[in-house]
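[1] using only what follows, build the 3D model:
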Amino acid sequence: MTPAVSTEVSATIALPRPRPVRPATADPYIAGIGTAVSGRPYSQRELLDLYGITDAKVRSVFANSAIQRRYLTVPERVDGAFVDEPQGALLRKHKSVAVDMAARAVRAALADAALTLVDVDYLCCVTSTGFATPGVSALLIRELAIDPGCHRLDVVGMGCNAGLNALNATASWAKANPGRVAVMVCTEACSAAYVIDSTMRTAVVNSLFGDGAGAIVLTAPSAGPNGVGESSPRRSRGPRILSFASAIITDAFDAMRYDWDDAQHKFSFFLDPDIPYVVGAHAGPLVDGLLTRAGLRRSDIRHWLVHSGGKKVIDAVRVNLGLTRHDVRHTVGVLRGYGNLSSGSFLFSYQRLLQEGVAARGDYGVLMTMGPGSTIETALVQW
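    Take a look at the predicted model:
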C-alpha cells in the first residue's frame, strides 16, 4: 500500500533566544551610584580663547572633538595673559579637587543605596591625574570621617582603563565578605594634568579631558538559613558583577603614556593618533572570549557601556563590535557633555542608563574601558 502523503506544511517559528537568569548566588551587585564634577563648564571655544590659541590646526582639533562642554578647574587670564601652573601647583590642585569630587560622589552613591558613611567597610580609590602620599583613600577617610579601620586600596597611574581593574578588586572583596559594604570611587582632576604649548601632541590631549568623579557601592548577598544567597534589604538593586576579561596590547605599549616633559618641567600625556584603530581591532576577540565563557553571544547583550575615550575611539569600537549608534548613546552623551573623564567615564554612562529606566531583570550588559598598556578591560554584568 502506498503511504498517504500529508499536504500540511509544518511552520517553524523562530523564537527569541531566552535570557537566562542565574540562580541566587554570592555575586556582588551594584547597590548605588553617584557622580560629581568640579570647576565650571567650558565650551571648546571658551577654552581656546582662554588659552589664547589661534593656530587653525589646533582649533580644528577642538572643534571636531564631538565635545560640547567640559567641567574644568583652570585659572582665568590675568591682565589678558595666560597663567601657567607649575607642576607643584598642579599636584596641589589634584589633591584638593580629586578629594573634593570623590567625597561628593561617595556621599551620593551611599545615599542612592540608602546607606551612610558608617556602613562603609572597604574603600577603593582610583586616580591617574596626580600623585599623593598618603593616598586619596587615606585623605578621603579623614575628609568624610569614615572608620579609620576601613579596609582600603589605592589604584594609581593605570589610566583610563583603571576603573574596571579597581572594580575587579572591589567586587572580589565584596564577594569574599558577603553582607558588608564596599565603595569604589574614580576621581580624576584632569585639569591638574595639562601642558599648554603649540604642539599637536598637547592639542589632542587638551581637547579631550574633563574633571569628574564616579562612585559605586557594592555588596554581596549573605547566605540565608538554607545556604542560598539572599540580598540584604536595599532601596534599589543594580546588576550583578559576573566576570572580567583583560588584554594588554604589547605591540602598542607606548601608544598611550604619561611621562615627564623636560622642556615644560611637567608630566605630559601622549596619545598616538593610531590608538583608535588599535583598540578597535582588539576589542572583538576580547569581548567574544568574555561572552563565550558565559555561554553568550554579542546578540545576547542588551546594554553596552564603553569608555568615552574620544569620538574616533568610540566609532572604532562600535564598528568592530557591530554595535548600533543606539548601543553607545550614553557613551557618546557623556563625551558630549563632560569630555573624557578618564577612569570614571563608564560610571557616568552607567548612571545615565539607570536614569533611562530601560534595564530589566535578566538583561546582560558589557562594560569596557581602554587605557595605557595599551589595555582593554571588560566586565560582564546581569540585572
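[2] C-alpha from now on. contacts and neighbour counts both.
    Will do.
[3] can you give me the helices for the stretch 51-200 of the chain?
    Secondary structure of the stretch 51-200 of the chain (DSSP state H, counting those that start in this stretch): helices at 56-63, 87-112, 136-144, 162-176, 200-206.
[4] thought A283 was touching A316?
    No: the pair A283 / A316 is not scored as a contact, 9.2 Å apart, by CA atoms under 8 Å.
[5] ok, A220 - contacts?
    By CA atoms under 8 Å, 6 or more residues apart in numbering, the contact set of A220 is A26, D27, P28, Y29, A174, K175, N177, P178, G179, R180, S231.
[6] which among those residues count as buried?
    A26, D27, P28, Y29, A174, K175, N177, P178, G179, R180, S231 (16 or more other CA atoms under 10 Å).
[7] adding distance to F267 and pLDDT, write these out as JSON lines.
    Output for those, formatted as JSON lines (distance: CA to CA, whole Å; pLDDT from 0 to 100):
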{"residue": "A26", "distance to F267": "42", "pLDDT": "85"}
{"residue": "D27", "distance to F267": "40", "pLDDT": "95"}
{"residue": "P28", "distance to F267": "37", "pLDDT": "97"}
{"residue": "Y29", "distance to F267": "37", "pLDDT": "97"}
{"residue": "A174", "distance to F267": "35", "pLDDT": "97"}
{"residue": "K175", "distance to F267": "37", "pLDDT": "97"}
{"residue": "N177", "distance to F267": "39", "pLDDT": "96"}
{"residue": "P178", "distance to F267": "41", "pLDDT": "96"}
{"residue": "G179", "distance to F267": "42", "pLDDT": "95"}
{"residue": "R180", "distance to F267": "39", "pLDDT": "97"}
{"residue": "S231", "distance to F267": "45", "pLDDT": "46"}
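[8] would you turn those residues into TSV with distance to H326?
    Compiled in TSV, the buried ones among the contacts of A220 are given as follows (distance: CA to CA, whole Å):
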residue	distance to H326
A26	32
D27	29
P28	28
Y29	25
A174	32
K175	33
N177	37
P178	36
G179	36
R180	36
S231	32
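[9] and the next helix or strand past the helix or strand bottoming out on mean pLDDT in the chain?
    Least confident helix or strand of the chain, by mean pLDDT, DSSP states H and E, is strand 229-230 with a mean of 50. Sequence order places strand 240-248 as the next helix or strand after strand 229-230, per DSSP states H and E.
[10] need the three-state assignment for the nearest residue to F244 once chain neighbours are set aside.
    Among residues not flanking F244 along the chain, A379 sits closest, at 4.3 Å (CA to CA, 6 or more residues apart in numbering). Under DSSP: H, G, I helix; E, B strand; the rest coil, A379 falls in the strand class.
[11] secondary structure class of D288, three-state.
    helix.
[12] what number of residues lie near it?
    16 (other CA atoms under 10 Å).
[13] can you check S222 too?
    20.
[14] these two touch, right, it and P178?
    Yes: using CA under 8 Å, S222 is in contact with P178, at 4.8 Å.
[15] hey, what's in contact with both of the two?
    With CA under 8 Å, 6+ apart, S222 and P178 have common neighbours A26.
[16] and the helix or strand hosting L47, what's buried?
    Secondary structure assignment for L47, by DSSP H and E: helix 44-50. By 16+ other CA under 10 Å, the buried positions in helix 44-50 come out as Q44, L47, L48, L50.
[17] surely the first one touches A63?
    I take that to be Q44. Yes: assessed by CA under 8 Å, Q44 is found in contact with A63 at 6.8 Å.
[18] sorry, back to before: need the buried residues of helix 44-50 in TSV (columns: distance to L153).
    Converted to TSV, these look like this (distance: CA to CA, whole Å):
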residue	distance to L153
Q44	35
L47	35
L48	38
L50	37
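[19] of all the residues you listed, which comes closest to I146?
    L47 (37.5 Å; CA to CA).
[20] which per-residue confidence value corresponds to that closest one?
    At L47, the model reports a pLDDT of 92.
[21] and it, how far from S191?
    Using CA to CA, to the nearest Å, one obtains 12 Å as the distance from L47 to S191.
[22] mind checking how far A102 is from G214?
    In terms of CA to CA, A102 sits 7 Å off from G214.
[23] repeat that for S172.
    Distance check for S172 against G214: by CA to CA, it reads 19 Å.
[24] the two: which has the busier surroundings?
    G214 (32 against 15).
[25] next up, the contacts around that one.
    G214 neighbours (CA under 8 Å, 6+ apart): 33-36, 102, 105-106, 185-187, 344-345, 347-348.
[26] that one: helix or strand, and which one exactly?
    strand 212-219.
[27] what does F348 give?
    helix 345-356.
[28] what's the answer for V279, then?
    Using DSSP H and E, V279 sits within helix 275-292.
[29] now that helix: buried residues?
    275-280, 282-284, 286-288, 290-291.
[30] distance to L208 and pLDDT added to the residues you listed, as JSON lines?
    Formatted as JSON lines, those follow (distance: CA to CA, whole Å; pLDDT from 0 to 100):
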{"residue": "I275", "distance to L208": "14", "pLDDT": "86"}
{"residue": "P276", "distance to L208": "14", "pLDDT": "87"}
{"residue": "Y277", "distance to L208": "18", "pLDDT": "86"}
{"residue": "V278", "distance to L208": "19", "pLDDT": "90"}
{"residue": "V279", "distance to L208": "17", "pLDDT": "92"}
{"residue": "G280", "distance to L208": "19", "pLDDT": "90"}
{"residue": "H282", "distance to L208": "23", "pLDDT": "95"}
{"residue": "A283", "distance to L208": "22", "pLDDT": "96"}
{"residue": "G284", "distance to L208": "25", "pLDDT": "96"}
{"residue": "L286", "distance to L208": "26", "pLDDT": "97"}
{"residue": "V287", "distance to L208": "26", "pLDDT": "98"}
{"residue": "D288", "distance to L208": "29", "pLDDT": "98"}
{"residue": "L290", "distance to L208": "29", "pLDDT": "98"}
{"residue": "L291", "distance to L208": "31", "pLDDT": "98"}
